[in-house]
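Undergrad: just to be clear, the model below is a prediction. Sequence and coordinates:
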Amino acid sequence: PRFTRHFTMLALPQPDDENMRTIFGSILGGFLKEGFATDQQMMCAGIVSASVEMYRRICAELLPTPSKSHYTFNLRDTAKVVQGMLMVRSNSVTTKQALARLWVHEASRVFSDRMTNNEDKEYFNGMVTELVGRHLGGVLTHDELFGEGVHNFFGDYMKMGAEGNDRVYEEITDVQKMLKVFDDYLDEHNLSSKSPMNLVFFMDAVGHIT
């Protein structure tokens, strides 16, 4: 008491699910009204509910351990998922399926990329499939999201040299072209660097880059 009396003690309670849905729903809903199709705007509540449920379940079921000490998740992670979705333009995501893939991509980058073993990643993939089925009308199946050879990437790096508004955050539909772009970026770096790098862009690494 003699020490703590010199400080102001603040208690900030964690917002409940309803408050989280209201906050993120207002942000995403306002964004989707700017040029997105009506059926996409109607997905807002489902996307927000799925994001909140995902956050709660991961916090409860994927607890930190000595070998997974970085498994610490907080409200900022849910905010990152929503903020990532705000990077697209309406003409880059024109269908409900594309919007669902965007949500899965952002959630994967925030949560799945931090998971260290296949068991946790499979748990995440199964949960995503379940949430898409319950909250997003089942617009995508498990195989369409995580089937063999399926890669769900978005990025703004496909146009080399583009800056500012010319950088378009879009779905990557040609993986081989994307890998070629990464090689070109690497070559450009090596030409101007005193410490050239020899990198191999395998799919797990590419996922972290996107």
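TA: Arrived safely.
Undergrad: which outside residues touch the helix or strand bottoming out on mean pLDDT in the chain?
TA: Ranking every helix and strand in the chain by mean pLDDT, DSSP states H and E puts helix 203-209 at the bottom, with a mean of 83. If you take CB atoms under 8 Å, 6 or more residues apart in numbering as the criterion, helix 203-209 is touched by 108-109, 113, 151, 153, 155, 178-179, 182, 199, 201. Heads up, the C-betas are built off the backbone N, CA and C, glycines and all.
Undergrad: and for stretch 182-190?
TA: 157, 160, 196-197, 199, 201, 206, 209.
Undergrad: and those, which are buried?
TA: 157, 201, 206 (16 or more other CB atoms under 10 Å).
Undergrad: out of those, which comes closest to Ala60?
TA: Val206 (30.3 Å; CB to CB).
Undergrad: how near is that closest one to Ser69?
TA: Relative to Ser69, Val206 is positioned 26 Å away (CB to CB, to the nearest Å).
Undergrad: picking that back up, can you list the buried residues in the least confident helix or strand of the chain?
TA: Within helix 203-209, the residues scored as buried using 16+ other CB under 10 Å are 206-207.
Undergrad: could you export that helix as PDB, CA atoms only?
TA: This file holds the C-alpha atoms of helix 203-209, laid out as PDB (Å, rounded to 0.1, in the frame of the first residue of the first chain):
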ATOM      1  CA  MET A 203       4.200 -22.100 -49.600                       C
ATOM      2  CA  ASP A 204       4.500 -21.700 -45.800                       C
ATOM      3  CA  ALA A 205       6.900 -18.800 -46.200                       C
ATOM      4  CA  VAL A 206       4.700 -17.200 -48.800                       C
ATOM      5  CA  GLY A 207       1.800 -17.300 -46.400                       C
ATOM      6  CA  HIS A 208       3.700 -15.300 -43.900                       C
ATOM      7  CA  ILE A 209       4.700 -12.800 -46.600                       C
END
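Undergrad: model confidence over stretch 154-174, on average?
TA: Summarised as a single mean, pLDDT over stretch 154-174 is 89.
Undergrad: mind listing the helices for the chain?
TA: 17-32, 38-41, 44-61, 75-85, 96-110, 118-135, 142-146, 175-192, 203-209 (DSSP state H).
Undergrad: for the residue nearest the centre of the chain, what are its contacts?
TA: The centroid of the chain falls nearest to Glu106 when counting by CA atoms, centre = their mean (1.3 Å). Listed by CB under 8 Å, 6+ apart, the contact set of Glu106 reads 80-82, 84-85, 154.
Undergrad: picking that back up, compare the contacts of helix 203-209 and tell me which has the most neighbours.
TA: Using other CB atoms under 10 Å as the neighbour test, those are led by Ser108, with 22 neighbours.
Undergrad: tell me the pLDDT of that one.
TA: Listed pLDDT for Ser108 reads 96.
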